[in-house]
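Visitor: I need the structure of the sequence given here:
(one chain, ligands or ions: 1)
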Amino acid sequence: MGARLKRWIKMFLPESCLTVYWRWRNRRQSNAERFGDIYRRKLWGGDQSADVFSGVGSSLEVVGPYIESVRGVLAGRPRPAVVEIGCGDFGVGSRLTDLAGRYTACDAVPELIERNRRLFMGDNLRFVTVDAVTDPLPPGDLVIVRQVFQHLRNDQIQRIVKKLAQYRTWIICEPYRARRISSRTSTSCRGRAIDWR
Ligand SMILES: C[S@@+](CC[C@H](N)C(=O)[O-])C[C@H]1O[C@@H](n2cnc3c(N)ncnc32)[C@H](O)[C@@H]1O
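Guide: Numbering: from 1, shown residues only. A predicted model of the protein is given here:
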């Protein structure tokens, strides 16, 4: 569809019709396609000359206190095997790897994983293409999920949360309040508490 026609449709169609269309489109796309498209079109903003950007929530000014507190958790353990789900541009994860025995960074977008492999190196570091909804998750002691669930549907989140049971420790950080978690999600956590900040 031509760009002009798209603009014209957006101008004249009511917001509710557009929302229905986007929901329909999201359901048809895989997470690799959907998030790959977001990165390619730079829909998360930031410096448009940068090759990729995982959103303002991942910029250094915002993540400083988060990185500090996660480093505190990692430092209190004997070099845990860390798995990060939805590692994005790895701006955040790259500041944690020195405290891990092994760090496995996963994302659904293969091009992003290729790009991270080129840019970040370390004997203890591995990048893997994983759609956490549909694929098995790599083994580890501690799992990190930051600003990923906020982009997924509840049924997708539930499928991921069930798989998190294999890790001893979870660090989940999403910018929503606890009352937003449905009771079904909590039961699938097998009684483990999610520290939802
Ligand atoms: C907003 S970015 C956050 C990146 C990083 N966690 C951070 O805090 O900077 C969300 C990332 O989650 C990834 N993602 C979304 N759904 C996923 C899924 N089902 N499996 C793996 N990665 C996923 C996206 O490709 C994107 O890179």
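Visitor: and residue 106, that's in a strand?
Guide: Yes. Counting by DSSP: H, G, I helix; E, B strand; the rest coil, residue 106 is found in a strand.
Visitor: how about the closest residue to it other than its chain neighbours, what does it touch?
Guide: Distances taken as CB to CB, 6 or more residues apart in numbering place residue 130 nearest to residue 106, at 3.9 Å, with adjacent residues excluded. From N, CA and C alone the C-beta is placed, and that goes for glycine too. Going by CB atoms under 8 Å, 6 or more residues apart in numbering, residue 130 touches 85, 106-108, 137-138.
Visitor: at 10 Å instead, please
Guide: 31, 83, 85-87, 104-108, 113, 136-138 (CB atoms under 10 Å, 6 or more residues apart in numbering).
Visitor: Could you export those to JSON lines, including columns for neighbour count, distance to residue 165 and pLDDT?
Guide: As requested, the contacts of residue 130 are exported to JSON lines (neighbours: other CB atoms under 10 Å; distance: CB to CB, whole Å; pLDDT from 0 to 100):
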{"residue": "31", "neighbour count": "21", "distance to residue 165": "21", "pLDDT": "95"}
{"residue": "83", "neighbour count": "28", "distance to residue 165": "13", "pLDDT": "98"}
{"residue": "85", "neighbour count": "24", "distance to residue 165": "14", "pLDDT": "98"}
{"residue": "86", "neighbour count": "25", "distance to residue 165": "18", "pLDDT": "98"}
{"residue": "87", "neighbour count": "28", "distance to residue 165": "21", "pLDDT": "97"}
{"residue": "104", "neighbour count": "22", "distance to residue 165": "17", "pLDDT": "98"}
{"residue": "105", "neighbour count": "28", "distance to residue 165": "21", "pLDDT": "98"}
{"residue": "106", "neighbour count": "21", "distance to residue 165": "17", "pLDDT": "98"}
{"residue": "107", "neighbour count": "30", "distance to residue 165": "21", "pLDDT": "98"}
{"residue": "108", "neighbour count": "23", "distance to residue 165": "21", "pLDDT": "98"}
{"residue": "113", "neighbour count": "19", "distance to residue 165": "25", "pLDDT": "98"}
{"residue": "136", "neighbour count": "9", "distance to residue 165": "13", "pLDDT": "98"}
{"residue": "137", "neighbour count": "18", "distance to residue 165": "10", "pLDDT": "98"}
{"residue": "138", "neighbour count": "18", "distance to residue 165": "14", "pLDDT": "98"}
